[in-house]
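Student: Please find the sequence and the predicted model below.
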Amino acid sequence: MKFMKLGSKPDQFQTDGDNIRYVATELATDLVINVGEVKFYLHKFPLLSKSSQLQKLVGSSNEENDEIKIDDIPGGPAAFEICVKFCYGIIVTLNAYNVVAARCAAQYLEMYETVEKGNLIYKIDVFLTSSIFRSWKDSIIVLQTTKSLHPWSEDLEIVSDSLDSIASKASIDASKVEWSYTYNRKKLPSENGNDPHWNGVRKQQMVPKDWWVEDLCELQIDMYKRVITTIKSKGRVSADIIGEALKAYVLRRLPGFSKGIIQGGDLVKYRYLVDTIIWLVPREKNSVSCSFLLKLLQASIILECGENGRMELMKKIGQQLAEATVTDLLIQAPSGETTPYNVDIVRDLVEQFLIQEPDGQIDCPVDNEFREISHGTVSDASRFKVARLVDGYLAEAAKDPCLTLSKFVELADMVAGFPRPNHDGIYRAIDIYLKEHPEITKSEKKRICRLMDCKKLSVDACTHAVQNERLPMRVVVQVLFFEQIRSTTSSDSTSDLPGSIKASLPGGSHGSSRSATTNTEEDWDAVPTAENIKSLKRELATLRLKDGTQCRNDNILAKTSAETTKMKSLTMSKKIFAKLWSNKERNSENSSSDTSESPASSTAEETKSTPSRNRRHY
């Protein structure tokens with residue numbers, strides 16, 4: 001820390017109790033100055049020779065013993081004592097902690113050069129310029145002390161000079177940093193001895209680009225806001241470094257932030273802090289992580305921050321939603337809600353993702369026409385990631401027994417047309433919802449199952465689905481049918497297939513699956529029973545056996561003969577459907593209309609012939 005000594009005489013100030021100060025000298029005092037509750041017994045000549053204000057006060061005093069009162073001097077008795085010691089020539093030490101108070105007090109006392117050359121104001125200004133503002137940490141300390149001395153420090157431009165000093169140093173090239181700084185957030189390879197290029201000779205220490213971030217966390221939020229704003233105005237610090245600074249500050253100043261909770265404290269102060277940080281987040285995309293933005297959003301909801309700031313934050317999250325994880329989206333529901341997660345806020349974030357412009361900016365109108373146009377401006381890669389994200393989120397949210405079907409379907413429907421390599425994610429979410437909500441009706445079960453495309457389930461998901469007693473019969477049949485088509489039809493032979501068969505093949509458009517799963521009402525009435533599934537599997541086993549025998553016997557036939565065999569297999573698959581609908585009508589009276597019993601629980605004989613129903617992870 002930088003310091004300066006003024007005067008040459010030893011300290012002659014004596015204290016008599018807590019509220020009396022006097023100079024130990026043979027000369028009798030002829031001036032009493034009351035500063036707050038402290039009395040100073042002094043001499044006129046050394047004081048009046050340097051302070052124009054004291055000249056005026058003594059001249060206007062009507063007291064016989066020249067006793068005056070000063071209540072509004074900045075810095076109080078301590079700052080006044082520094083000025084008095086300077087007047088007497090007593091040694092006084094100025095440093096970053098007391099220099100601002102002394103400067104403001106000297107200004108109050110009008111200790112100008114016009115009163116006496118080399119006066120206190122001049123000496124302090126030289127010390128600030130030549131020493132304090134050249135020091136990184138002293139500049140921060142000085143800025144902290146200015147708050148209690150407002151508005152004097154503001155009018156004397158000490159605040160602006162401190163801000164400029166700090167911002168200039170933070171904006172300098174890291175290779176030119178030669179002063180000490182605090183950096184405990186992570187160690188460089190050369191600091192922990194793991195530098196692979198270290199050959200036994202200590203190399204010059206590399207300075208990280210965000211070297212200044214941790215020291216600024218010592219500032220209160222109002223001063224921190226001004227520092228970051230000044231740094232940004234200089235335009236030499238990248239947006240991602242600004243983002244690092246904001247993240248470090250919130251983690252230091254907001255207890256529980258990293259866990260998505262607010263741990264006590266002054267909620268009004270925390271609300272202002274979060275609102276300010278949201279305002280400071282750079283406009284540049286990816287300046288902060290989506291995870292950090294979502295934690296900010298959760299904090300703003302808990303603290304009931306301003307609506308405008310929250311909407312801006314949600315727009316920024318919408319730009320980066322593809323980077324989020326399912327854990328990030330598990331935002332707690334507002335207090336009083338019966339559900340653990342805030343599904344509505346996730347829906348709003350997906351909507352913000354949908355209305356992005358190509359340049360990453362958000363336009364305000366959200367009418368249907370705009371949404372339809374902007375829907376195509378998001379890259380397929382981002383849409384795929386968001387679809388997978390929503391599928392995973394729905395799987396977690398579906399575990400809540402209080403989650404309504406309408407909220408589940410509404411959120412899933414927003415990404416229904418997004419590209420996916422398969423529909424395993426949405427199937428898993430649907431299955432979990434059906435398991436946790438066994439009371440849903442037949443029509444509700446039909447509504448939720450239409451969200452997935454049976455053609456796009458993986459082999460593992462198909463295996464699980466055909467044994468899933470919670471699914472309607474129509475879904476189980478579709479899964480088996482499309483799996484049979486996939487196993488008997490190669491991609492290079494589909495061009496010659498009839499249109500009705502070709503339309504139902506897997507690997508179609510990545511768009512909505514509505515056309516593939518829209519059926520008549522009666523198709524959804526039944527649920528699969530043990531007899532249904534056993535019958536269908538026997539037919540499929542017979543079909544596969546015939547296909548295998550045909551291939552072994554006719555492996556030397558021409559390609560056209562092989563295609564004919566595959567067409568016969570597809571025709572037989574259609575016959576299987578007809579047989580199942582007949583079985584459905586016959587067995588519907590014995591099966592539940594909303595939930596299906598496990599085939600393993602029917603009879604001992606059925607247990608032996610029915611495949612295991614152990615759940616597979618997909």
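Tutor: Ah, there it is. Numbers count the residues shown, from 1 in each chain.
Student: Helices of the stretch 351-500 of the chain, residue ranges please.
Tutor: For the stretch 351-500 of the chain, the helices defined by DSSP state H, counting those that start in this stretch occupy 368-374, 380-397, 405-414, 424-436, 442-449, 459-466, 473-488, 499-502.
Student: ok, Ser160 - contacts?
Tutor: Contacts for Ser160 (Cβ atoms under 8 Å, 6 or more residues apart in numbering) come out as Glu154. Just so you know, the C-beta spots here come from the backbone N, C-alpha and C atoms, and that holds for glycine as well.
Student: Please tell me how far it sits from Ile166.
Tutor: Applying Cβ to Cβ, to the nearest Å, the value for Ser160 to Ile166 is 11 Å.
Student: And what about Thr339, helix, strand or coil?
Tutor: coil (DSSP: H, G, I helix; E, B strand; the rest coil).
Student: pretty sure it contacts Asp400?
Tutor: Yes. Contact criterion Cβ atoms under 8 Å: Thr339 and Asp400 qualify, at 5.3 Å.
Student: any common contacting residues for these two?
Tutor: With Cβ under 8 Å, 6+ apart, Thr339 and Asp400 have no common neighbours.
Student: Can you report how many residues neighbour Ala239?
Tutor: Using other Cβ atoms under 10 Å, the number of residues around Ala239 comes to 16.
Student: mind listing what it touches?
Tutor: Contacts of Ala239 (Cβ under 8 Å, 6+ apart): Pro282, Arg283, Glu284, Ser287.
Student: Out of those residues, list just those in helices.
Tutor: Among the contacts of Ala239, no member falls in helices (criterion: DSSP state H).
Student: For those residues, give me JSON lines that also has distance to Asp275, pLDDT and neighbour count.
Tutor: Shown next, in JSON lines, are these (distance: Cβ to Cβ, whole Å; pLDDT from 0 to 100; neighbours: other Cβ atoms under 10 Å):
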{"residue": "Pro282", "distance to Asp275": "16", "pLDDT": "95", "neighbour count": "19"}
{"residue": "Arg283", "distance to Asp275": "17", "pLDDT": "92", "neighbour count": "10"}
{"residue": "Glu284", "distance to Asp275": "20", "pLDDT": "93", "neighbour count": "14"}
{"residue": "Ser287", "distance to Asp275": "18", "pLDDT": "94", "neighbour count": "20"}
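Student: Pull the most distant pair out of the residues you listed.
Tutor: Using Cβ to Cβ, those span at most 7.9 Å, a distance reached by Arg283 and Ser287.
Student: my guess is His74 is in a helix, correct?
Tutor: Residue 74: Pro, not His. No. Going by three-state DSSP, the assignment for Pro74 is coil, not a helix.
Student: ok, and what's touching stretch 101-115?
Tutor: 49-54, 72-75, 78-80, 82-83, 86, 94, 119-122, 124-125, 128, 145, 149, 152-153, 156, 158.
Student: Going through these, which ones are buried?
Tutor: Using 16 or more other Cβ atoms under 10 Å as the burial test, the contacts of stretch 101-115 include 50-54, 73-75, 79-80, 82-83, 86, 94, 119-121, 124, 128, 145, 149, 152-153, 156, 158 as buried.
Student: gap between stretch 467-476 and the chain center?
Tutor: Centroid displacement of stretch 467-476 relative to its chain, using Cα atoms, centre = their mean, to the nearest Å, is 39 Å.
Student: pLDDT on that stretch, on average?
Tutor: Mean per-residue pLDDT for stretch 467-476: 87.
Student: Equivalent analysis for stretch 295-314, please.
Tutor: For stretch 295-314, mean pLDDT is 93.
Student: Equivalent analysis for stretch 44-62, please.
Tutor: 89.
Student: quick one: the helices in the stretch 51-200 of the chain?
Tutor: Secondary structure of the stretch 51-200 of the chain, counting by DSSP H, counting those that start in this stretch: helices at 52-59, 76-88, 99-108, 120-130, 136-145, 152-155, 158-171.
Student: Those into CSV, with extra columns for distance to Arg447?
Tutor: CSV is the format used below for the helices of the stretch 51-200 of the chain (distance: least, Cβ to Cβ, whole Å):
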stretch, distance to Arg447
helix 52-59, 82
helix 76-88, 73
helix 99-108, 68
helix 120-130, 72
helix 136-145, 60
helix 152-155, 63
helix 158-171, 56
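Student: what's the burial count for Pro438?
Tutor: By other Cβ under 10 Å, 10 other residues sit near Pro438.
Student: I misspoke; the intended subject was Glu110.
Tutor: By other Cβ under 10 Å, the burial measure for Glu110, its neighbour count, is 17.
Student: And for Asp215?
Tutor: 18.
Student: where does it fall, phi/psi-wise?
Tutor: Backbone torsions for Asp215, taken as degrees, to the nearest 10, come to phi -60, psi -30.
Student: so Val346 makes contact with Leu411?
Tutor: Yes. Counting by Cβ under 8 Å, Val346 does reach Leu411; the two are 6.6 Å apart.
Student: what residues are shared contacts of the two?
Tutor: Counting by Cβ under 8 Å, 6+ apart, the shared contacts of Val346 and Leu411 are Val390, Tyr393.
Student: Looking at those two, which one has more neighbours?
Tutor: Between Val346 and Leu411, counted using other Cβ under 10 Å, the more crowded position is Val346 (24 against 20).
Student: quick one on the thing from earlier: would you turn the helices of the stretch 351-500 of the chain into TSV with distance to Gly309?
Tutor: Formatted as TSV, these follow (distance: least, Cβ to Cβ, whole Å):
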stretch	distance to Gly309
helix 368-374	23
helix 380-397	24
helix 405-414	25
helix 424-436	32
helix 442-449	36
helix 459-466	42
helix 473-488	45
helix 499-502	53
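Student: Distance of the closest residue to Tyr22 other than its chain neighbours relative to Val58?
Tutor: The spatial neighbour of Tyr22 that comes closest, neighbours along the chain excluded (Cβ to Cβ, 6 or more residues apart in numbering), is Tyr41 at 3.9 Å. Look at Tyr41 and Val58: by Cβ to Cβ, they are 15 Å apart.
Student: Same check on Glu304?
Tutor: Distance of Glu304 to Val58, given as Cβ to Cβ: 56 Å.
Student: Between those two, which is the more surrounded one?
Tutor: Higher neighbour count among Glu304 and Val58: Val58, with 18 against 11, using other Cβ under 10 Å.
Student: surely that one meets Glu67?
Tutor: No. Under the criterion of Cβ under 8 Å, Val58 makes no contact with Glu67, lying 10.0 Å away.
Student: got the contact list for Asp413?
Tutor: By Cβ under 8 Å, 6+ apart, the neighbours of Asp413 are Leu451.
Student: nope, Ser382 is what I meant
Tutor: Contacts of Ser382 by Cβ under 8 Å, 6+ apart are Leu321, Ala322, Phe353.
Student: can you pull the pLDDT of it?
Tutor: 92.
Student: Secondary structure element for Tyr249, which one?
Tutor: Assigned by DSSP states H and E, Tyr249 falls within helix 239-253.
Student: got the contact list for stretch 280-293?
Tutor: When contacts are defined by Cβ under 8 Å, 6+ apart, stretch 280-293 is touched by residues 225, 228-229, 232, 239-240, 242-243, 246-247, 296, 313, 316-317, 319-321, 323-325, 328, 360.
Student: what do you get if the cut-off is 7 Å, keeping everything else the same?
Tutor: 225, 228, 239-240, 242-243, 246-247, 313, 316-317, 319-321, 323-325, 328, 360 (Cβ atoms under 7 Å, 6 or more residues apart in numbering).
Student: for it, the distance to its chain's centre please.
Tutor: 8 Å.
Student: where does the stretch 251-400 of the chain dip in pLDDT?
Tutor: Within the stretch 251-400 of the chain, the segments meeting pLDDT under 70 span 357-378.
Student: Please apply the same query to the stretch 1-150 of the chain.
Tutor: Low-confidence segments of the stretch 1-150 of the chain, defined by pLDDT under 70: 62-65.
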